[in-house]
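Novice: Got a predicted structure here, sequence first:
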Amino acid sequence: MEKTIAGKTISVNDEGFLTNFAQWDKSVGEEIAKENSITLTPRHWEVIDYIQNEVRKESPLSIRKVGKSGVVDIKEFYALFPNAPLKTATKIAGVPKPASCI
């Protein structure tokens, strides 16, 4: 399935997660954030960078792991990405939905 995000044709799955990370860039991330009513700040980008690095290492993600990362604690993670923080943050980061997300 394809969707136009930030003026680019992007491949996504039925939940809107990118299926090809090579198509992601910051403008795509910002557009997905807007769709989720989030204005990205430098703190958001730190979390997004962390998530992308973990996925590159093929390290499974969970809310608990992000909370213990030293990048952001769980309370701030929920404040930055309200309503399903891990699902929303990974979608904005352009990576596959974590197995731990419903």
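Specialist: Looks like it arrived, so ask away. Numbers count the residues shown, from 1 in each chain.
Novice: Give me the most central residue, the protein.
Specialist: residue 90 (2.4 Å; C-alpha atoms, centre = their mean).
Novice: May I have the least confident helix or strand in the chain by mean pLDDT exported as CSV, CA atoms only?
Specialist: Taking mean pLDDT, DSSP states H and E as the measure, the chain has helix 63-67 as its least confident helix or strand, at a mean of 93. Listed in CSV are the C-alpha atoms of helix 63-67, where the atom choice follows Å, rounded to 0.1, in the frame of the first residue of the first chain:
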residue,chain,number,x,y,z
ILE,A,63,8.1,0.6,26.7
ARG,A,64,10.1,-0.7,29.7
LYS,A,65,13.3,-0.9,27.6
VAL,A,66,12.8,2.7,26.4
GLY,A,67,12.2,3.8,30.0
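Novice: what's in contact with that helix?
Specialist: Residues from elsewhere that reach helix 63-67, judged by C-beta atoms under 8 Å, 6 or more residues apart in numbering: 47, 50-51, 54, 59, 72-74, 77, 85-86, 89, 100. Quick note: C-beta positions are derived from backbone N, CA and C, even for glycine.
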